[in-house]
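Participant: Take this sequence and fold it.
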Amino acid sequence: MSEPLEMWIDAAIGETREALVRDGRPIALRIARASDEGRRARWGELYCARVREIDRRRRGAFLDLGLRDDQGFLPIGDDGRVRMRRERVALREGQGVVVSVTREAARGKNPVLELSETGHDGEAPHRIAQHEADEALVLARPADAAMRGKLDAAIEDALARTAPIPGGGALTIEPTAALVAIDVDSGARAGSGDPERFALDLNIAAAHEAARQIRLRSLAGLIAIDFVSMRAKSHNKQLEDAVRDAFAGDPWSIQFGGLSRFGVFDMARSQLRAPLHEQLRDPDGRLSVETVALMALRAIEREGRAQTGRQIACTVAPEIKAWLDAAEIDWRAQLSNSIGMRWTLDAAPGARDRIDARAL
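Facilitator: Residues are numbered from 1 along each chain as shown. This next block holds a predicted model:
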């Protein structure tokens with residue numbers, strides 16, 4: 001019998017963060033940002049859209065969803081038609097349709113759509129409905145300091161390049177444009193005098209941790225796990241079975257390859273939501289300006305709650321202050337409603353992720 005699931009959720013200023021937790025360990029993360037509203041499509045949303053361009057070379061149609069940043073991609077078959085349930089439908093440019101988002105934008109690609117209805121030519125592009133899971137985020141409330149701290153730690157761990165393997169050893173996780181590469185390292189893991197048994201035990205533990213990390217980080221596409229090499233064919237078979245078992249409860253579709261003679265297991269995981277690192281980091285690997293800006297607001301709020309009645313001063317990098325000054329979200333009113341009008345925000349040269357929030 002599986003362990004009961006727990007939910008950690010925090011509606012902070014500018015974003016709501018949610019973790020699905022089993023046995024005290026997060027297994028999935030979701031982040032919904034206020035700045036994405038009207039800009040980006042999320043998985044499971046339903047849109048009234050307009051066909052902007054049909055590109056037979058790319059075997060798809062580009063659709064206007066009424067968003068500032070995203071236009072959707074609707075796959076077209078070799079016959080030039082689009083699948084709509086059990087039918088094959090021909091589209092024309094300028095046509096109004098209803099579509100659902102089956103994959104969010106990721107790795108520089110447009111969100112992928114599925115056709116639901118035709119005959120909406122008179123309607124302007126707009127969102128019709130959210131996925132019920134996202135609707136639940138709207139009802140979330142601000143968490144206490146302890147819960148917010150647990151979410152901070154969970155997200156920091158999920159953005160780290162390495163992840164510990166229970167019992168010893170570590171995974172190194174490298175998302176690239178082509179694939180996600182995961183390397184298994186024994187590190188200082190203790191084991192028996194039997195090298196084959198040691199390698200098998202390490203690899204099986206690594207398989208289960210890799211499955212958790214992949215889901216936690218919303219990683220998908222081609223995934224290659226480089227396990228510690230083993231000689232016994234029976235152990236290779238046990239490892240392949242362990243990988244399939246580790247991913248058995250994954251909510252996203254997975255196609256399994258096999259273990260190569262070099263000890264690399266490959267698989268393909270369908271992409272539904274944007275990877276966590278693409279949501280929170282820039283392409284150069286640094287935390288994005290928006291990510292740090294929202295962290296700064298939480299730091300001010302944390303200090304304000306801990307130091308009741310005292311003025312809170314926060315200093316951030318100039319680019320962080322510039323983002324906050326220009327931000328479309330009404331963070332000033334939300335912050336003042338939370339801790340009162342007793343905070344100041346200034347800029348000083350320094351690293352992007354440096355935040356100095358203190359009580360005066």
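Participant: who touches residue 322 in this structure?
Facilitator: Neighbouring residues of residue 322 by C-beta atoms under 8 Å, 6 or more residues apart in numbering: residue 347. C-beta here means a position set from N, CA and C on the backbone, and glycine is covered the same way.
Participant: What ranges in this structure fall below the confidence cut-off?
Facilitator: 1-3 (pLDDT under 70).
Participant: Helices of that one, start to end?
Facilitator: Applying DSSP state H to the chain gives helices spanning 132-138, 145-159, 195-217, 233-246, 276-280, 289-306, 318-326, 331-339.
Participant: For those, please prepare a markdown table with the additional fields distance to residue 359.
Facilitator: As requested, these are exported to a markdown table (distance: least, C-beta to C-beta, whole Å):
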| stretch | distance to residue 359 |
| --- | --- |
| helix 132-138 | 31 |
| helix 145-159 | 15 |
| helix 195-217 | 34 |
| helix 233-246 | 46 |
| helix 276-280 | 28 |
| helix 289-306 | 6 |
| helix 318-326 | 20 |
| helix 331-339 | 11 |
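Participant: Indicate which one of the ones you listed is closest to residue 54.
Facilitator: With C-beta to C-beta, the closest approach to residue 54 among the helices of the chain belongs to helix 276-280: 28.0 Å.
Participant: Touching the closest one from outside, list them.
Facilitator: Helix 276-280 has contacts (C-beta under 8 Å, 6+ apart) with 29, 31, 33, 106-107, 155, 158-159, 175, 216-218, 287-288, 291.
Participant: can you do 10 Å?
Facilitator: Contact partners of helix 276-280, identified using C-beta atoms under 10 Å, 6 or more residues apart in numbering, comprise 15, 29-33, 36, 40, 104-108, 155, 158-159, 173, 175, 216-219, 273-274, 283, 285, 287-288, 290-292, 294-295.
Participant: Nearest residue to the middle of this structure?
Facilitator: Taking C-alpha atoms, centre = their mean, the centroid of the chain lies closest to residue 276, which sits 2.9 Å from it.
Participant: Domain map for this structure?
Facilitator: 5-37+133-153, 46-129, 160-275, 281-359 (automatic domain parsing).
Participant: measure the third one end to end?
Facilitator: Across its full length, domain 160-275 reaches 13 Å between end residues, using C-alpha to C-alpha, to the nearest Å.
Participant: same check, this time on the second one
Facilitator: Between the opening and closing residues of domain 46-129 we find a distance of 5 Å, counting by C-alpha to C-alpha.
Participant: buried set for stretch 147-165?
Facilitator: Buried residues in stretch 147-165, counting neighbours by 16 or more other C-beta atoms under 10 Å, are found at 148, 150-152, 154-155, 157-159, 163, 165.
Participant: can you check stretch 22-37 too?
Facilitator: Using 16+ other C-beta under 10 Å as the test for burial, stretch 22-37 gives 26-36.
Participant: And the furthest pair within those residues?
Facilitator: 27 and 35, at 26.6 Å, using C-beta to C-beta across these.
Participant: Next one: residue 4 from residue 246, what distance?
Facilitator: The spacing between residue 4 and residue 246, counted by C-beta to C-beta, to the nearest Å, is 20 Å.
Participant: Looking only at neighbour counts, state which of these two leads.
Facilitator: residue 246 (19 against 8; other C-beta atoms under 10 Å).
Participant: I'd guessed the more buried one sits against residue 27; true?
Facilitator: No. Contact between residue 246 and residue 27 fails when scored by C-beta atoms under 10 Å: they sit 11.7 Å apart.
Participant: Identify the contacts common to the two.
Facilitator: With C-beta under 10 Å, 6+ apart, residue 246 and residue 27 have common neighbours 211-212.
Participant: Enumerate every residue touching residue 295.
Facilitator: With C-beta under 10 Å, 6+ apart, residue 295 has these contacts: 12, 14, 152, 155, 280, 287, 316, 320, 353, 355, 357.
Participant: Which one of those is nearest to residue 93?
Facilitator: Nearest to residue 93, judged by C-beta to C-beta, of those is residue 280 at 36.4 Å.
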